[in-house]
Structures are given as C-alpha cells and as structure tokens.
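Trainee: only geometry, no sequence info:
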C-alpha cells in the first residue's frame, strides 16, 4: 500500500502485477476491481493480472513473442472430442498429431485467458490449477487425455516439435520456444522429406524395386493408386514364399544328413538314463518302469514323414502373417513330434501323406484357411485333421479287383445250390475256388 499524497486516501496496489487502484474511483463502481485478502490486494480479473505479469516477464527477458493465435483458432486446431465422448472409442481428427499438440501447448500457456510461460492444467471453468503452491504443469499423459490421443503419440509429436526448435521442455514443462533458432543444414536435411527415389539408397534392392514401381504408378496415373496395396501385398507374399521355400530346402538337407545319427542319439540318451537310475550318477535305487511303446516304422512311414517335412512349410508359406504361421516349422524337436503324431493318425490309411496334404488344401479352399474365421491357428490342429482324414478314408468304399470280383461270384454260386444254376456255372465256380485254394497252398 503506497503512502497518501496531499491528504488523499492511500492508493491500493495488486501484490502480483503491481496495478494500482484509486479508492475514490473504486467507490463509484458497483463492485471494486480488486479483492482484499489476508496476503494483500489482488486483481479481481485474474486473466488480465496474469497477462500483465507475462508481459513484464517478456520485457525483462527482452522478448517480443506473444500468442499469435486466438483461443478459438487454437481450439479448432486442437480438435478435442466433445463432452460425454466414449473414451473407449478412437477419436479421428482432421489435423496432424504434432499440430494438435503444438496448439494445445500454446493454448494452455501464453494464450489468453491462461497467460503463463508454460502449459498448465485447468479446472472445469478454464482457470489454471495450483498444486503445492505452484501451477500444475501439463504432462504427456494429461495432454493425451485432453486431446484423446495415446501417450506415445503425444511423445512422438513433442520430439517432432523439439527437433524443429518449436517447443522447449528443458524445465520439465512444455512451452513454446520463446527465442527460436534457425535450423542448421544438418537439422534441416534430417527434417526434410525427399520425394526422389535416389534418397532411398539405404534400402535393400528388393525394397527399392517395389518403391520404384509405386512411384511410377503414382506419376503415371493418380487413379492407379488403388493398385498400390495389391502391388505391395503381392511383392511381400512372393518374398515370404521364396524365403519359406529356401528354409524348407535347407531344413530338408540338414535332416537328410542327420537322419542316420538320430537313432544313435536316442540310444545314448537312454543309456545315460539307465546309468543315472542304476546309481552311477545317483545314489537312489533304480526304479523299474515298463518300456514306453515305440511307434511302428515300416517301409511306408519314412517316405510319408519326408513328404510332410516338405508339405508343412508349404502350407504356411501363403499365410505369413497369420497365427498358423507364427511358429515356423523348423525341424525342431517339437516339429518332429508333431509329424510323428500326424503319422500315427494316418496309420489306418497306409500313411497316405499325399492324400492328407490334398485334404488340408481342400479345407483351406473351403474358407477354412488360416486367414479365415474358424481356420487353424496352430500347427497342432493338423493332428486332429489327420484323424478326420483317416475316418473319411475308412468310410470311402474301396474298388474291387477283377480277381476278387470273380471269387465273390463263385462263392455266391456255391452258397446257393437251390438258385437253379446250370452245371457249367457250378463247375466254373468250383474251378475258381479250387484254383484259389491251390494258389494259397503253393
């Protein structure tokens, strides 16, 4: 409070911005422009008071920067969702994320009615909120909640603005760069986005080829942009198919070279277990257990296994991004056990692996592929499908050879003597039966 002059009433001064109030003039108003508190006099118009403080701070630092946009313009760029918006749904904005974040930082800092150096949080009435005597600063999480964005998207937008000297967060507070510097040549080149294909020299040749096709399609005809997705999809599918085939060939070569030693490894493992159980490595008494049943291996099982080793990677190749192909078939221990279980299911069919593969492809074509709903999600489902194929194989009638047909007819003639067959037919039937019996005896 200043000293009175010439016997007049003392002049009141705001303790924050320093604005003076004449008590004589304030008496003529309906309500005074100041508030008397225990700490002193304060302006009733809080936004104007903060604006005067901000202007004084700018003059102290020798800066002339002020908010260049109105609150309405910044709110339009921020594009916040309306009240009552379901936060579980994604909010689609017409503005870029870095534009929305920059507008939010400016709105909550130097723009009227906030008028502060850094972005602060506000209450429902739009007034800045204090926490422990200081303004509550905005964070990436609070900005994400206001703009209905993800916190990672806000962080990327802040890094984008910092790289262009548009935003400063050195004091753990987001604020516009009050004294922006020009970008250096290196910074400008890192921020620039070239459109020439020569600037993509670091890409692989296959990627550059796809990029050149895309650029050629865009420059030739804008309507052909609809084909870009198909071009990229075909190129990726071809590359994945070639990689899968190369892996299958390499796995086949490794398996063929290691196949003679698999039995030796299994026997050595069993011998070590016997030694451990017998007390050489372990002091516990040996436990007698019945031997585990071993699958029968005949001349048909091994060729069927080799065919499945080649067919399963081929089944995964057309669907590289599906859950069915997430676990690549790589001839590991689990993959060999999978093939063994499939062959156990195919034993009633005579290990018809080729027919089983055709059966799987037929199901894929019948809208049960890994990309379709209801399709296989894991390789283990092939075991169940092998059982389905075995049941279908058993229900399918088998063709009868001419010799078996002749034998069945002869048996039917001799089994029905009262059917009125002539002597020649009966003699023919007896000759067929006797010839079959002699052939079996010899």
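Mentor: Nice, thanks for sending it over. What you are looking at is a predicted structure, and each value in this text was computed from that prediction instead of being measured.

Trainee: quick check: which ranges of the stretch 151-300 of the chain have low pLDDT?
Mentor: 178-181, 183, 185-206, 208, 216-229, 259-300 (pLDDT under 70).

Trainee: quick one: the strands in the stretch 51-200 of the chain?
Mentor: For the stretch 51-200 of the chain, strands defined by DSSP state E, counting those that start in this stretch occupy the ranges 130-131, 134-135, 167-168, 175-176.

Trainee: chain center to the third one: distance?
Mentor: Here the centre of mass of C-alpha atoms in strand 167-168, compared against the chain's by C-alpha atoms, centre = their mean, to the nearest Å, lies 32 Å away.

Trainee: please apply the same query to the second one.
Mentor: Its chain's C-alpha centre lies 40 Å from the corresponding centre of strand 134-135 when counted by C-alpha atoms, centre = their mean.

Trainee: and for stretch 324-337?
Mentor: On the basis of C-alpha atoms, centre = their mean, the separation between the geometric centre of stretch 324-337 and that of its chain is 22 Å.

Trainee: for it, buried residues please.
Mentor: Counting neighbours by 16 or more other C-beta atoms under 10 Å, one finds that the buried residues in stretch 324-337 are 324, 325, 329, 331, 335. (Each C-beta comes from the backbone N, C-alpha and C, glycine too.)

Trainee: circling back: tabulate the strands of the stretch 51-200 of the chain (JSON lines), appending mean neighbour count.
Mentor: As requested, these are exported to JSON lines (neighbours: other C-beta atoms under 10 Å):
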{"stretch": "strand 130-131", "mean neighbour count": "10"}
{"stretch": "strand 134-135", "mean neighbour count": "12"}
{"stretch": "strand 167-168", "mean neighbour count": "20"}
{"stretch": "strand 175-176", "mean neighbour count": "21"}
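
Trainee: one step back: list the ones among the buried residues of stretch 324-337 that fall in helices.
Mentor: residue 335 (DSSP state H).

Trainee: of all the buried residues of stretch 324-337, which two lie farthest apart?
Mentor: Farthest apart among the buried residues of stretch 324-337 by C-beta to C-beta are 324 and 331. That separation is 17.8 Å.

Trainee: what's the nearest residue to residue 79 if we skip its chain neighbours?
Mentor: Nearest-residue entry for residue 79: residue 93, 4.4 Å, with adjacent residues in sequence omitted and distances by C-beta to C-beta, 6 or more residues apart in numbering.

Trainee: quick check: phi and psi on that neighbour?
Mentor: phi -110, psi 150 (degrees, to the nearest 10).

Trainee: can you show me the helices along the stretch 301-442 of the chain?
Mentor: In the stretch 301-442 of the chain, the segments counted as helices under DSSP state H, counting those that start in this stretch are 301-316, 333-345, 353-363, 381-395, 402-415, 423-441.

Trainee: next one: the residue lying closest to residue 329 once chain neighbours are set aside from residue 94, what distance?
Mentor: With C-beta to C-beta, 6+ apart as the measure, residue 312 is the residue that lies nearest to residue 329, at 4.6 Å, once sequence neighbours are left out. From residue 312 across to residue 94, the span is 48 Å (C-beta to C-beta, to the nearest Å).

Trainee: over to residue 49?
Mentor: Applying C-beta to C-beta, the value for residue 49 to residue 94 is 36 Å.

Trainee: so for these two, which residue has more residues nearby?
Mentor: Using other C-beta atoms under 10 Å as the criterion, residue 49 and residue 94 rank with residue 49 on top: 19 against 8.

Trainee: mind checking the SS state of the more buried one?
Mentor: Classification of residue 49 into helix, strand or coil gives helix, according to DSSP: H, G, I helix; E, B strand; the rest coil.

Trainee: hmm, residue 43 and it touching each other?
Mentor: Yes: at 3.9 Å, residue 49 and residue 43 qualify as touching, with contact defined as C-beta atoms under 8 Å.

Trainee: between these two, what contacts are shared?
Mentor: Taking C-beta atoms under 8 Å, 6 or more residues apart in numbering as the contact rule, the neighbours common to residue 49 and residue 43 are 14, 16, 17, 19.

Trainee: most neighbours among these, which one is it?
Mentor: Ranked by neighbours (other C-beta under 10 Å), the shared contacts of residue 49 and residue 43 are led by residue 14, which has 20 neighbours.

Trainee: need the contact list for that residue.
Mentor: 20, 21, 34, 41, 42, 43, 49.

Trainee: and the second one, how far from residue 235?
Mentor: Going back to what we said before, that points to residue 21. When C-beta to C-beta is the yardstick, residue 21 and residue 235 sit 75 Å from each other.

Trainee: ok, now residue 50?
Mentor: Taken as C-beta to C-beta, the span from residue 50 to residue 235 is 58 Å.

Trainee: residue 51 too?
Mentor: Look at residue 51 and residue 235: by C-beta to C-beta, they are 58 Å apart.
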